[in-house]
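# Starting from these lines, generate the structure:
(one chain, ligands or ions: 1)
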Amino acid sequence: MDLGLADRTVVVTGGSSGVGLATVRALLDEGAKVATCGRDADRLAKATASFDPDRLYAATCDVRDAESVKRFIDGATNRFGPAVDGLVNNAGQSRMKPLDDTTAEDWRDELELKFAGVLHPLTAARTALRASGSASIVNVNAVLAKQPETRLITTSAARAGILNLSKSLSAELAGDGIRVNSVCLGLVDTGQWTRRHAAADSGLSYEDWQAELAADRGIALGRLGRAEEVAYAIVTLLSPRASYITGTSIDVCGGVGRGIL
Ligand code: NDP
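Down below sits the predicted model:
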């Protein structure tokens, strides 16, 4: 099936690694024009070096900084035209800390990252999204939003807030022809987990460590997800074929989610 994404402009934050990078690749494969960002210029340049420069705009940007996001979005619209047809709010990371180790600064930083990661790109791209007439926003979230874990207490709370915000935005922006949905991830094999494996210093190979992790967390499919498995769900929600889907979330979690909603 043709997803109808050819020549549409999509912004993906955090495209130099993991889910963001897989999404950029999937969109380019569909013929879309893609703007992406990350904080580390070298990492971004290396990750995107093999992509068609005619259809990719990559620039450094920190989603916590409104001015930096505005420069990035302005760069994208200068390059590809005034309309933005899709926005994937993906940039970020989680904070693995239980309550007693969590400082006031941790709370502030985590809430700032999660909310700025959605609100700054939306604010900067709002006019361009409206100009599309049929735009789609996908917020990359986590099953933690619905199923909090005490070891990730700040991230769980922030994620729940973002899921709530996504619902409000879907109602608020519908009149502008903008759909808003979320993908809620379980455990996906990306830079986040390679970094945690290194930090854990368990003596286990990455594969054995992952297998133990999957068993410990009760992942029904018995393994971590792959970034491209998340990208397919994101690309589906971005597609104009999903024109009647808004205000909802798709769990991409291998069955680790216990909820039925
Ligand atoms: P990765 O660490 O592999 O990639 C994160 C990307 O975001 C990188 O390109 C990174 O580049 C960029 N980034 C991080 N912070 C910022 C920032 N402040 N401004 C701009 N870019 C930023 O992560 P994943 O692919 O695993 O994660 C993608 C999203 O999915 C994140 O929001 C994450 O929290 C969420 N998620 C992931 C899960 C998983 O198991 N992998 C589970 C649940 C949710 P740079 O560092 O150079 O800025």
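
# so where is the stretch 101-250 of the chain shaky, pLDDT-wise?
When residues are selected by pLDDT under 70, none of them lie in the stretch 101-250 of the chain.

# That one: strands as residue ranges?
Taking DSSP state E, counting those that start in this stretch as the test, the strands found in the stretch 101-250 of the chain are 135-142, 178-185, 188-189, 225-226, 249-252.

# mind putting those strands in JSON lines, distance to Pro82 and mean neighbour count included?
The way it works is simple: take the backbone N, C-alpha and C, and place the C-beta from them, glycine included. Shown next, in JSON lines, are those (distance: least, C-beta to C-beta, whole Å; neighbours: other C-beta atoms under 10 Å):
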{"stretch": "strand 135-142", "distance to Pro82": "12", "mean neighbour count": "28"}
{"stretch": "strand 178-185", "distance to Pro82": "15", "mean neighbour count": "26"}
{"stretch": "strand 188-189", "distance to Pro82": "34", "mean neighbour count": "19"}
{"stretch": "strand 225-226", "distance to Pro82": "35", "mean neighbour count": "18"}
{"stretch": "strand 249-252", "distance to Pro82": "30", "mean neighbour count": "20"}
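
# Can I get the ones you listed in TSV including distance to Ala76?
Formatted as TSV, the strands of the stretch 101-250 of the chain follow (distance: least, C-beta to C-beta, whole Å):
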stretch	distance to Ala76
strand 135-142	13
strand 178-185	17
strand 188-189	26
strand 225-226	27
strand 249-252	26
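
# would TSV of the ones you listed with distance to the ligand be doable?
Output for these, formatted as TSV (distance: least, C-beta to the nearest ligand atom, whole Å):
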stretch	distance to the ligand
strand 135-142	3
strand 178-185	4
strand 188-189	4
strand 225-226	7
strand 249-252	9
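
# So what's the residue count around the closest residue to Gly254 other than its chain neighbours?
If you skip the residues right next to it in sequence, Gly254 has Leu221 as its closest partner in space, 3.8 Å away by C-beta to C-beta, 6 or more residues apart in numbering. As a burial measure, Leu221 scores 12 neighbours (other C-beta atoms under 10 Å).

# from here on, count from 23
Got it, the first residue is 23 from now on, which makes the last one we talked about Leu243.

# I'd say Leu243 and Gly277 touch.
Yes. Leu243 lies in contact with Gly277 (C-beta atoms under 8 Å); the separation is 5.6 Å.

# ok, now how distant is the residue of the chain most remote from its centre from Gly36?
For the chain, the residue at maximal distance from the C-alpha centroid (C-alpha atoms, centre = their mean) is Gly225, at 31.0 Å. Going from Gly225 to Gly36 by C-beta to C-beta, to the nearest Å gives 31 Å.

# which residues touch the residue nearest to Val210 when sequence neighbours are not counted?
Nearest in space to Val210, with sequence neighbours left out and distances taken as C-beta to C-beta, 6+ apart, is Gly247 at 4.2 Å. For Gly247, the contact set (C-beta atoms under 8 Å, 6 or more residues apart in numbering) comprises 207-211, 274-276.

# How about Glu171?
Ser178.

# quick check: mean pLDDT across stretch 87-94?
The average pLDDT within stretch 87-94 is 98.

# wait, isn't Asp198 in contact with Ala150?
No. In this structure, Asp198 is not within contact of Ala150 by C-beta under 8 Å, at 11.1 Å.

# neighbour count winner among these two?
Ala150 (22 against 14).

# So for that one, what's the nearest residue that isn't a sequence neighbour?
Val106 (3.9 Å).

# Now do the same for the one you found: helix, strand or coil?
coil (DSSP: H, G, I helix; E, B strand; the rest coil).

# Count the residues that sit near it.
The number of residues near Val106, taken as other C-beta under 10 Å, comes to 29.

# same deal with Arg239?
For Arg239, using other C-beta under 10 Å, the count is 14.

# Who are the contact partners of it?
208-209, 278.

# Then Trp129?
Thr176.

# That one and Asp84: what is the separation?
19 Å.

# Those residues of the stretch 73-222 of the chain touching the ligand, which are they?
Residues of the stretch 73-222 of the chain lying close to the ligand by C-beta under 6 Å from any ligand atom are 83-86, 112-116, 162, 164, 207, 209-210, 212-214.
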